[in-house]
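Peer 1: Model the following, please.
(one chain, ligands or ions: 1)
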Amino acid sequence: MATRRPFVGGNWKMNTTAREADALARAVTAPAADDIDIAVFPPFVYLDRVSAALRQAGSPTIVGAQDLDHRDNGALTGQVSAAMLTDLGCTAALTGHSERRHILGDSDDLVGLKTARALGSGLICLLCIGETLEQREAGDTDAVNERQLRAGLAHAKPASLDALVVAYEPVWAIGTGRTASPEDAQNAHAAIRGVLADLTDNRTAQATRILYGGSVKPSNAAELFAQPDIDGGLIGGASLDPEAFAAICQAATHTTSTTSSAR
Ligand code: PGA
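Peer 2: Residues are numbered from 1 along each chain as shown. Okay, the predicted model is just below:
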């Protein structure tokens, strides 16, 4: 039986100006509770100021990047390395977000390399996985999640997996206003935890947080987070609204999970 500390991340995507980033950072400096991990993922160019603002306010909010390159340095125009991120006070990174996979061309293998680099650099890595509508309708949800999870962890060292967080984000639910039902999301999460147990061990699978993402709002957060294998959320649109984000964080604080469902 494991107790998993709830985790809520706000993925700002390619949104905000410098001024808006400052205001949003200030708005998350006072999380409602200590028994939760809250993270924000601003655009690269605002990481420095957001991380400085949160540090100055003494906030425990985690600052993360939306992506990273898996190589050390070199002639890679436009890319950002893990060392650059840690230099700015970043302690987390997203990998495999569906927009990176489906719009920006990240392959399963590249996601695996980025995930290994993030974890190997001491960053908390939120590895995002999830099926498209077509894959769901074909009954392939669990198979797609399993493939993305196995490829996503293919290069990671077992000892680094303590800093892994998985985010299950059905592609058809992201930014669409459509959310998976709590039951469907729970089934997917339980299956993902089963794959994690197979890939690692039961202890790791039980300790790893699995977040749900895709049109999470204050009105549906509590019901989703009450599911035994849902340990918080990755929030896009609603994370740009400080009140909505705070309400979602609040919903997660009441649902510390102590269940065991991995095989
Ligand atoms: P959404 O995005 O909450 O706007 O659906 C979630 C995400 O992409 O992480």
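Peer 1: So which residues of the stretch 51-200 of the chain form strands?
Peer 2: 62-65, 92-95, 124-129, 164-168 (DSSP state E, counting those that start in this stretch).
Peer 1: if we look at the second one, which residues are touching it?
Peer 2: The contact list for strand 92-95 (C-beta atoms under 8 Å, 6 or more residues apart in numbering) reads 9, 11, 39, 41, 62-68, 82, 85, 111, 114-115, 118, 123-128, 152, 167, 234. C-betas here are computed from N, CA, C, even on glycine.
Peer 1: circling back to that earlier point, looking at the strands of the stretch 51-200 of the chain, which is buried most?
Peer 2: Highest mean neighbour count of the strands of the stretch 51-200 of the chain: strand 124-129, a mean of 28 (counted as mean count of other C-beta atoms under 10 Å).
Peer 1: quick check, that one touching the ligand?
Peer 2: No - counting by C-beta under 6 Å from any ligand atom, the ligand is not contacted by strand 124-129; separation bottoms out at 7.1 Å.
Peer 1: Now find how far off-centre that strand is within its chain.
Peer 2: With C-alpha atoms, centre = their mean, to the nearest Å as the basis, strand 124-129 stands 5 Å off its chain's centre.
Peer 1: for that strand, packing partners?
Peer 2: Using 3 or more C-beta pairs under 8 Å, 6 or more residues apart in numbering; DSSP states H and E, the elements in contact with strand 124-129 are strand 62-65, strand 92-95, helix 108-120, helix 141-152, strand 164-168.
Peer 1: hang on, Asp69 packs against Leu76?
Peer 2: Yes - contact criterion C-beta atoms under 8 Å: Asp69 and Leu76 qualify, at 6.1 Å.
Peer 1: Which one's more surrounded, those two?
Peer 2: Asp69 (19 against 11; other C-beta atoms under 10 Å).
Peer 1: thinking again about what came up before, need the strands of the stretch 51-200 of the chain in CSV with mean pLDDT, can you?
Peer 2: Below are these laid out as CSV (pLDDT from 0 to 100):
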stretch, mean pLDDT
strand 62-65, 97
strand 92-95, 98
strand 124-129, 98
strand 164-168, 98
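Peer 1: Turn the ones you listed into CSV, columns for distance to Ala197.
Peer 2: Shown next, in CSV, are the strands of the stretch 51-200 of the chain (distance: least, C-beta to C-beta, whole Å):
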stretch, distance to Ala197
strand 62-65, 26
strand 92-95, 21
strand 124-129, 16
strand 164-168, 12
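Peer 1: nearest to Arg55, of those strands?
Peer 2: strand 62-65 (8.8 Å; C-beta to C-beta).
Peer 1: Which residue is the nearest non-sequential neighbour of the residue in the stretch 151-263 of the chain positioned nearest to the ligand?
Peer 2: Closest contact between the stretch 151-263 of the chain and the ligand, by C-beta to the nearest ligand atom, is at Gly236 (2.2 Å). Once flanking residues are discounted, Gly236 sits nearest to Asn11: 5.2 Å by C-beta to C-beta, 6 or more residues apart in numbering.
Peer 1: What values do phi and psi take at the one you found?
Peer 2: When read as degrees, to the nearest 10, the backbone of Asn11 gives phi -100, psi 110.
Peer 1: How about Ile38?
Peer 2: Per degrees, to the nearest 10, the residue geometry at Ile38, taken as phi and psi, is phi -120, psi 130.
Peer 1: Just give the number of residues close to it.
Peer 2: Neighbours around Ile38, by other C-beta under 10 Å: 24.
Peer 1: Quick check: it vs the ligand, distance?
Peer 2: From Ile38 across to the ligand, the span is 15 Å (C-beta to the nearest ligand atom, to the nearest Å).
Peer 1: what does the stretch 101-250 of the chain put close to the ligand?
Peer 2: Glu169, Ile174, Gly175, Gly213, Gly214, Ser215, Val216, Leu234, Ile235, Gly236, Gly237, Ala238.
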